[in-house]
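Visitor: Quick one, structure for this:
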Amino acid sequence: MTDESTSPSRQRERIEWWAQGHDANVVCVSEDLDTSGAVSPFERDSLGIWLTDTPPQPWDVLVAWKLDRISRSSLDTENLLRWCTDRNKRIVCVDDGIDTDTQMGQVWVKLASIFAEVERNAIKERVISSRKKLRAEARWGGERVHYGLKPKKLPDGGWTLVHDDDAVEVLKRVIRDVHRGDSINSIAEALTAEGIPTPSGKLTPWATSTLHRLLESKTLLGYTTHDGESDPTTLKAPPILTAAEFKKLQLALAERKKPRQFNRTGKASPLLGIAVCYDCGAVLHHRSAEMKGKRYRYYYCRSKCTPDVGNLPAEWLEELVEAEFRDQLGNVEVHEQKIIPASDHTEELENAKLAMEDIAAAMAKASSSAVRATLAEQISDLDQLIANLERLPVEPARTEDVPTGVTYGAQWDAGDQETRRRLLLDSGIQMKAKIEGRTRTQGGEFYGGLVVPQDIRDRMKTRR
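Guide: Below you'll find the model as predicted:
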């Protein structure tokens, strides 16, 4: 674009100069800017429509500044030459002095295409080598930037990748929602509703496929990735997640992909995951039906562990849960779990094991002896590293309960239906319930009650 000798305008001048000198009429000037020479001329957006038997207008000669503007592939050039010859069309490369109207011109175009392909491969090798060197130095080579990262200019004029704080916060919020049990679809809808820009920077709807791609990419670990493959031996950016966090996230995502037997509408019932069967402990399911213009809702156990167990009226059970929750926990302070990092080399060990898995997968795909030898050497080094780390003393990570200064009652009052359900789920609170002998006129006998984890019960005793 910036080189005056090869710019599109300069190339156009040379083409028009040739046309004037040969009393030719320029039918159209085709431009495929920012397109690789490896792309077949037949597949280019602008040029391709002219290389058909039904072009926009008739033409006789394909003129280019040089042959490498048409193609940098000897095979593609050969195919184009054959196609043109079969249709009595010529190829002219002005500055190369090539005109396929002659036997010698056809020979020269084949030779020039070989040199163009050699030059393309040389450029490709230089680019790959340059990017490999930049990755080794944790520098950015101009490739696509993964969501959560952004380029930063270095004092010496080079570039590196750093965290994009706003995008990282969005990613961590999404990850928290995944661990809470939210569906990817509901997370995408929430991001869209809140007007959070997508990775493209546009205020368009978030797609579930986009979220899956972001959350499953090992770029979160700082790895270099290309065409879905990751290189654990080079880090191109600071990691957003630790190896342990990444593995935990992948397990949660895998769990989301399993078929569910409840919540088919995508909208969770108020006690989904909270209400469980008194007899077998299975999650109670929600049913809604309309009769004579009135809607009835129930919770029921699908396992049918006790034949005479009836449906539990949903509104009644939901009110019972709220009443018991307020009575038992309304004045109890909410605690949050704080992770105390391990004081050993657990994280380093997890990273090494993850790298070993990736390299072993690459070994299974490798066919050349040179690549397999390189991978085998890396595996040997990692094996030694893992053995050394496993011998070090271990003090694993742990969690501590930290008071928030807010009571369960206050959090309940401040939240909506879904927030309240999450509060119960996050706290590990359940309602065991069943009803026996229930008829249309008789309420039956209720068994059950709120089940509160031991650590919260201990705080309840302290409150009293």
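Visitor: Tell me which other helices or strands the top strand by length along the chain touches.
Guide: Ranked by residue count under DSSP state E, the longest strand found in the chain is strand 398-407. For strand 398-407, the packing partners by 3 or more Cβ pairs under 8 Å, 6 or more residues apart in numbering; DSSP states H and E come out as strand 333-340. All C-beta atoms are positioned from the backbone trio N, CA, C, and that covers glycine.
Visitor: re the thing from before, buried residues in the longest strand of the chain, which are they?
Guide: Counting neighbours by 16 or more other Cβ atoms under 10 Å, one finds that the buried residues in strand 398-407 are T407.
Visitor: What about V174, how many residues nearby?
Guide: The local packing of V174 (other Cβ atoms under 10 Å) involves 22 other residues.
Visitor: Now the nearest residue to A360 once chain neighbours are set aside: which helix or strand?
Guide: Excluding its sequence neighbours, the residue lying closest to A360 (Cβ to Cβ, 6 or more residues apart in numbering) is I379, at 6.9 Å. Using DSSP states H and E, the element containing I379 is helix 369-390.
Visitor: Run the chain-centre distance for that helix.
Guide: 29 Å (Cα atoms, centre = their mean, to the nearest Å).
Visitor: Now for the closest residue to C277 other than its chain neighbours: which residues touch it?
Guide: Residue nearest to C277 in three dimensions, not counting chain neighbours: C301, with 4.1 Å by Cβ to Cβ, 6+ apart. Remark: with contacts taken as Cβ atoms under 8 Å, 6 or more residues apart in numbering, C301 is in contact with C277, D279, C280, A282, L284, H285, V309, K434.
Visitor: So the protein: which segments form each domain?
Guide: Domain assignment for the chain by automatic domain parsing gives 8-133, 137-258, 275-337+407-463, 342-396.
Visitor: Mind putting these into CSV with distance to S269?
Guide: Shown next, in CSV, are the domains of the chain (distance: least, Cβ to Cβ, whole Å):
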stretch, distance to S269
domain 8-133, 51
domain 137-258, 13
domain 275-337+407-463, 4
domain 342-396, 37
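Visitor: Using JSON lines, please lay out those together with mean pLDDT.
Guide: Listed next are the domains of the chain as JSON lines, based on pLDDT from 0 to 100:
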{"stretch": "domain 8-133", "mean pLDDT": "82"}
{"stretch": "domain 137-258", "mean pLDDT": "79"}
{"stretch": "domain 275-337+407-463", "mean pLDDT": "82"}
{"stretch": "domain 342-396", "mean pLDDT": "72"}
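Visitor: got the residue ranges for the strands in the stretch 101-250 of the chain?
Guide: Taking DSSP state E, counting those that start in this stretch, the strands of the stretch 101-250 of the chain run over residues 149-153, 159-163, 223-226, 229-235.
Visitor: same thing with the stretch 251-400 of the chain?
Guide: Assigned by DSSP E, counting those that start in this stretch, the stretch 251-400 of the chain shows strands spanning 275-277, 285-291, 294-300, 312-313, 333-340, 398-407.
Visitor: Give me whichever of those is most buried.
Guide: With neighbours taken as mean count of other Cβ atoms under 10 Å, the strands of the stretch 251-400 of the chain reach their highest mean count in strand 275-277, at a mean of 24.
Visitor: which strands and helices sit next to that strand?
Guide: Helices and strands touching strand 275-277, by 3+ Cβ pairs under 8 Å, 6+ apart, are strand 430-436.
Visitor: tilt between the strand it packs on and strand 294-300?
Guide: 110 degrees (axes from the mean of the first three to the mean of the last three Cα atoms, to 10 degrees).
Visitor: Please list the outside residues in contact with the helix or strand following strand 430-436.
Guide: Sequence order places strand 445-451 as the next helix or strand after strand 430-436, per DSSP H and E. By Cβ under 8 Å, 6+ apart, the residues outside strand 445-451 that reach it are 278, 321, 324-325, 328, 429-437.
Visitor: Now which of the residues you listed would you call buried?
Guide: Buried among those (16+ other Cβ under 10 Å): Y278, V321, E324, F325, Q328, I429, Q430, M431, K432, A433, K434, I435.
Visitor: thinking the first one is in contact with E436, fair?
Guide: Which is Y278. No. Using Cβ atoms under 8 Å, Y278 is not in contact with E436; the gap is 9.6 Å.
Visitor: May I ask which helix or strand encompasses D413?
Guide: Using DSSP H and E, D413 falls within helix 408-414.
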